[in-house]
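[1] 3D, please:
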Amino acid sequence: MALASFAVSPPTAASAAVLRRAMSFSSVSAASQARVGVVQMTSVGDLDANYATCSRLTKEAAAAGVKFLCFPEVFSFIGSKDGESVKLAEPLDGPIMQRYCSLANESSMWLSLGGFQERGPDDSHQYNTHVLIDESGKVRSSYRKIHLFDVDVPGNMVYKESRFTTAVIPS
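    Sure, this is the predicted structure:
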């Protein structure tokens with residue numbers, strides 16, 4: 001896990017406004033210094049093993065004074081086959097996300113969770129959802145990925161996230 005100490009300064013005006021609004025209710029103001037942690041991890045096809053890794057890293061970060069911890073895409077699960085994660089997808093208020101909400105609360109830390117497998121509109125699709133949880137364990141924001149990863153490398157590999165993930169196009 002890489003830890004860095006710096007002022008929170010998001011790259012765009014829109015994301016800065018969202019972060020200021022979300023953090024205005026928090027003990028950490030957007031104008032103050034905050035220790036931010038970034039997790040680099042290799043997820044596996046085991047929800048409990050991934051949660052144990054996330055929990056351990058969150059506790060290490062809390063001991064280092066981190067107030068905002070960012071996890072990568074597919075932090076909670078990565079399947080070995082296309083669409084395997086669809087079977088495990090849950091709503092944002094389901095038991096998997098509740099574990100992470102409790103972890104944020106117990107650690108008094110904001111968690112930025114990339115690529116959660118949120119239940120989709122049907123049994124064969126999911127949403128790839130980024131979730132922001134505050135230090136009290138409340139989901140503050142979520143974003144459903146709209147630019148899906150589809151690649152076809154001639155003579156090599158084909159991977160189409162769109163086969164099992166639904167993109168939500170803003171209206």
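[2] Quick one: distance of the longest helix along the chain to the chain centre.
    The helix spanning the most residues in the chain, taking DSSP state H as the definition, is helix 47-63. Centroid displacement of helix 47-63 relative to its chain, using C-alpha atoms, centre = their mean, to the nearest Å, is 13 Å.
[3] same check, this time on stretch 110-129
    The chain centroid and the centroid of stretch 110-129 are separated by 9 Å, computed with C-alpha atoms, centre = their mean.
[4] mind exporting it as PDB, just the C-alpha atoms?
    Extracted as PDB, the C-alpha positions of stretch 110-129 are listed here (Å, rounded to 0.1, in the frame of the first residue of the first chain):
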ATOM      1  CA  TRP A 110     -13.600   7.400   4.200                       C
ATOM      2  CA  LEU A 111     -13.400   4.500   1.700                       C
ATOM      3  CA  SER A 112     -13.300   4.900  -2.100                       C
ATOM      4  CA  LEU A 113     -14.300   1.500  -3.500                       C
ATOM      5  CA  GLY A 114     -13.600   1.100  -7.200                       C
ATOM      6  CA  GLY A 115     -15.600  -1.300  -9.300                       C
ATOM      7  CA  PHE A 116     -18.100  -2.900  -7.000                       C
ATOM      8  CA  GLN A 117     -20.300  -5.600  -8.700                       C
ATOM      9  CA  GLU A 118     -23.700  -4.000  -8.300                       C
ATOM     10  CA  ARG A 119     -26.700  -6.100  -9.300                       C
ATOM     11  CA  GLY A 120     -27.800  -5.000 -12.800                       C
ATOM     12  CA  PRO A 121     -31.100  -4.700 -14.600                       C
ATOM     13  CA  ASP A 122     -31.300  -8.500 -15.400                       C
ATOM     14  CA  ASP A 123     -29.700 -11.800 -14.300                       C
ATOM     15  CA  SER A 124     -27.000 -11.600 -17.000                       C
ATOM     16  CA  HIS A 125     -25.700  -8.100 -16.400                       C
ATOM     17  CA  GLN A 126     -24.200  -6.100 -13.500                       C
ATOM     18  CA  TYR A 127     -23.200  -2.500 -13.000                       C
ATOM     19  CA  ASN A 128     -19.500  -1.700 -12.400                       C
ATOM     20  CA  THR A 129     -20.000   0.800  -9.600                       C
END
